[in-house]
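Visitor: Model the following, please.
(2 chains)
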Amino acid sequence: MYNIGMAINVKELRIVFMGTPEISAGLLRTLLDNKYNIVAVIAQPDKPVGRKGILQKVPTKVVAEEFNVPVYQPVKIRKDYEFLEEINPDLILTFAYGQIVPEGVLNIPKYGCLNFHGSLLPKYRGAAPIQFSLINNEKVTGVTLMEMIKEMDAGKMYASKEVVIEDSDNSTSLFKKIETASCELALEKLQDYIDGKLPGEEQDVSKVTFCPTIKPEEEKINLDLSAKEIWGWIRALSDEPGAFLYLNNLKIKIFKALLIDDNSTGQPGEIIKADKSGFVFQTKCGCISILELQKEGKSRMDYKSFLNGNQGLLGKKFN
RNA sequence: CGCGGAGUAGAGCAGUGGUAGCUCAUCAGGCCCAUAACCUGGAGGUCGCAGCGUUCAAAUCCUGCCUCCGCAA
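Guide: Below you'll find the model as predicted:
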């Protein structure tokens, strides 16, 4: 559709990269390592991090500075994007930027705006696709290279790459896998896109699902759910921020667990085993074996260490 | 100065003034068809750092600092 017959190397195009977190920084680094001409990086403003509230550079900014690429961090891109006109990009790539990109921006680059989305669209449009693929115990997810349009995550899909979810995966490992897949997808398909070889496929509206951001109150494990669903939440919230339950009024974060069975019934939250052979609690339907956890005020530890210092838990209940 | 918890053997904890203890792990030996089970014995800590603080006596009280963690942002 663009310049067919006239070879244009994607690496010669002026590309603006928009993204903020670690996963985005990984893709940015790959593009820079492969000599893509990133002329600017747009990221969320730096935010205070940690107990002390120290201002920390966002991950994409760190990478950009390493390669001497100018960084822009508008508080509201919706209102503040005239600087892009001067940069005059040919193409904009976005991956987990964190703000809605206004239509005014979408119209600037001649080759348009592409987004990397961490799911196989049309499933899991929205903010937390990677976490929700775990919450819903998906076996396969992936990353989709898509056209950005006004409606969020609704544009044409140009290419995608599948990622297999193992039982041992959690959010941290799955983010890493998606990051790797995104890098491969970029290197394999961006040139094809520029060459006009990717027609793009409209999303099947009947198959669209959405995933909202996870609210802090959802980090508390809901004992009305089945063991399988709880297991999904534990994996989705691990290693950060950690799904938790209360035991004796103390917050216990569960970082790693196993689904032991998904049909036994009993008192939800009751600890039915607490010895060397395991630390298991019952749910409404099935039970879960805790492998790594953290008591509030303490650091993360394996279940054997925890039980060593916290004896007599058999029969007690999480709530 | 946002609130709070904690730093004692490799790990998890107890120990709020008087010669440092428990559980697990570890090592040696024993029992057993066998064992992650059980029995016996051993090794392993200047009790986060500093004050040459208070005291006849400090892990324990006081002062300052460092580090880790939960919450709030």
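Visitor: I'd like the next helix or strand past the helix or strand encompassing A:F116.
Guide: Take DSSP states H and E as the rule and A:F116 turns out to sit in strand A:113-117. As assigned by DSSP H and E, the chain's next helix or strand after strand A:113-117 is strand A:125-126.
Visitor: quick check, A:L174 in a helix?
Guide: Yes - counting by DSSP: H, G, I helix; E, B strand; the rest coil, A:L174 falls inside a helix.
Visitor: Could you report the neighbour count for it?
Guide: 22 (other C-beta atoms under 10 Å). Every residue, glycine included, has its C-beta placed from N, CA and C.
Visitor: if you skip the residues just before and after it, what's nearest to it?
Guide: Excluding its sequence neighbours, the residue lying closest to A:L174 (C-beta to C-beta, 6 or more residues apart in numbering) is A:I130, at 5.6 Å.
Visitor: Can you tell me what sits against the one helix or strand that neighbour maps to?
Guide: Assigned by DSSP H and E, A:I130 belongs to helix A:129-135. The contact list for helix A:129-135 (C-beta atoms under 8 Å, 6 or more residues apart in numbering) reads A:117-119, A:123-124, A:141, A:165, A:169-171, A:174-175, A:178, A:211, A:214, A:229, A:232-233, A:235-237.
Visitor: Mind checking which of the residues you listed are buried?
Guide: A:117-119, A:123-124, A:141, A:165, A:169-171, A:174-175, A:178, A:211, A:214, A:229, A:232-233, A:235-237 (16 or more other C-beta atoms under 10 Å).
Visitor: rewinding a little: and the residue nearest to A:L174, how close does it get to A:A96?
Guide: Separation of A:I130 from A:A96 (C-beta to C-beta, to the nearest Å): 10 Å.
Visitor: which residues do the two both contact?
Guide: Residues within reach of A:I130 and of A:A96 at once, by C-beta under 8 Å, 6+ apart, are A:G118.
Visitor: Phi and psi next, for the residue of the stretch 101-250 of chain A found nearest RNA strand B.
Guide: RNA strand B sits closest to A:P216 of the stretch 101-250 of chain A, with a gap of 5.8 Å, by C-beta to the nearest atom of the strand. Note on A:P216: backbone dihedrals following degrees, to the nearest 10 are phi -50, psi -40.
Visitor: so what's it up against?
Guide: Contacts of A:P216 (C-beta under 8 Å, 6+ apart): none.
Visitor: For the strand holding A:F116, name the packing helices and strands.
Guide: strand A:91-95, strand A:140-147, helix A:171-194 (3 or more C-beta pairs under 8 Å, 6 or more residues apart in numbering; DSSP states H and E).
Visitor: CA-only coordinates of the first one in CSV, if you can.
Guide: Presented in CSV, the C-alpha positions along strand A:91-95 are these (Å, rounded to 0.1, in the frame of the first residue of the first chain):
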residue,chain,number,x,y,z
LEU,A,91,6.7,5.6,11.9
ILE,A,92,5.6,5.3,15.6
LEU,A,93,6.0,2.1,17.5
THR,A,94,4.2,1.7,20.8
PHE,A,95,4.5,-1.0,23.5
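Visitor: For the next helix or strand after that strand, what is the distance to the chain centroid?
Guide: The element immediately downstream of strand A:91-95 (helix or strand, assigned by DSSP H and E) is helix A:103-106. The chain centroid and the centroid of helix A:103-106 are separated by 24 Å, computed with C-alpha atoms, centre = their mean, to the nearest Å.
Visitor: cool, and stretch A:67-82?
Guide: Distance, stretch centre to chain centre, for stretch A:67-82: 22 Å (C-alpha atoms, centre = their mean).
Visitor: how about the strands in the stretch 201-319 of chain A?
Guide: A:210-211, A:243-247, A:250-261, A:271-275, A:278-282, A:287-295, A:301-302 (DSSP state E, counting those that start in this stretch).
Visitor: In TSV: the ones you listed, plus distance to RNA strand B.
Guide: Shown next, in TSV, are the strands of the stretch 201-319 of chain A (distance: least, C-beta to the nearest atom of the strand, whole Å):
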stretch	distance to RNA strand B
strand A:210-211	22
strand A:243-247	7
strand A:250-261	5
strand A:271-275	9
strand A:278-282	10
strand A:287-295	6
strand A:301-302	5
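Visitor: out of those, nearest to A:L314?
Guide: strand A:271-275 (4.7 Å; C-beta to C-beta).
Visitor: ok, the nearest residue to A:L293 once chain neighbours are set aside to A:E219 distance?
Guide: Leaving out its chain neighbours, the residue that sits closest to A:L293 by C-beta to C-beta, 6+ apart is A:I254, at 5.1 Å. A:I254 sits 11 Å away from A:E219, taking C-beta to C-beta as the criterion.
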